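Peer 1: no FASTA, just this:
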């Protein structure tokens, strides 16, 4: 885990009816327990894509996990964005919609200054936890 806040963004391929904050909170609690992390991230209300982009501001450095990005080392990608001191700045959240980014969403993100995409490999993670 290691994040302090989860902020869902409603994208073109998001299955919005499945975005349930109570369920997200329960998953976050279970994940924190599995990771032996004593803190649970704040779960905030979802934003539509356009509102989320506007909220970032032009000066924000942002990276996003994209299934169409070339596979590579995420740490190297972060260092390329933030330089060698990225670890001290704290990680920013990376959002990946359940159904992937729409072409127009990806294009909007890639036109933003200080925005890069990274690949986390071919696996797709689900918000499911291990059985007790």
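Peer 2: Now that the structure is in, tell me what you want to look at. Please read all numbers here as calculations on a predicted model, not as lab measurements.
Peer 1: what sits against residue 8?
Peer 2: Counting by C-beta atoms under 8 Å, 6 or more residues apart in numbering, residue 8 makes contact with 14, 19, 24, 44, 45, 46, 47, 95. (Each C-beta comes from the backbone N, C-alpha and C, glycine too.)
Peer 1: same deal with residue 38?
Peer 2: Counted by C-beta under 8 Å, 6+ apart, residue 38 has contacts residue 32.
Peer 1: return the set of buried residues in the longest helix along the chain.
Peer 2: Longest among the helix segments of the chain by residue count, using DSSP state H, is helix 21-35. Judged by neighbour count (16 or more other C-beta atoms under 10 Å), helix 21-35 contains these buried residues: 24, 27, 28, 30, 31, 32.
Peer 1: looking at the contacts of residue 8, which are in strands?
Peer 2: residue 47 (DSSP state E).
Peer 1: all helices of the protein, in order?
Peer 2: 21-35, 49-56, 74-82, 86-89, 103-111.
Peer 1: as TSV, those with mean pLDDT and distance to residue 8 would be great.
Peer 2: Below are the helices of the chain laid out as TSV (pLDDT from 0 to 100; distance: least, C-beta to C-beta, whole Å):
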stretch	mean pLDDT	distance to residue 8
helix 21-35	88	7
helix 49-56	87	9
helix 74-82	68	21
helix 86-89	46	23
helix 103-111	88	14
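Peer 1: closest one to residue 9 among these?
Peer 2: Among the helices of the chain, the nearest to residue 9 by C-beta to C-beta is helix 49-56 (4.4 Å).
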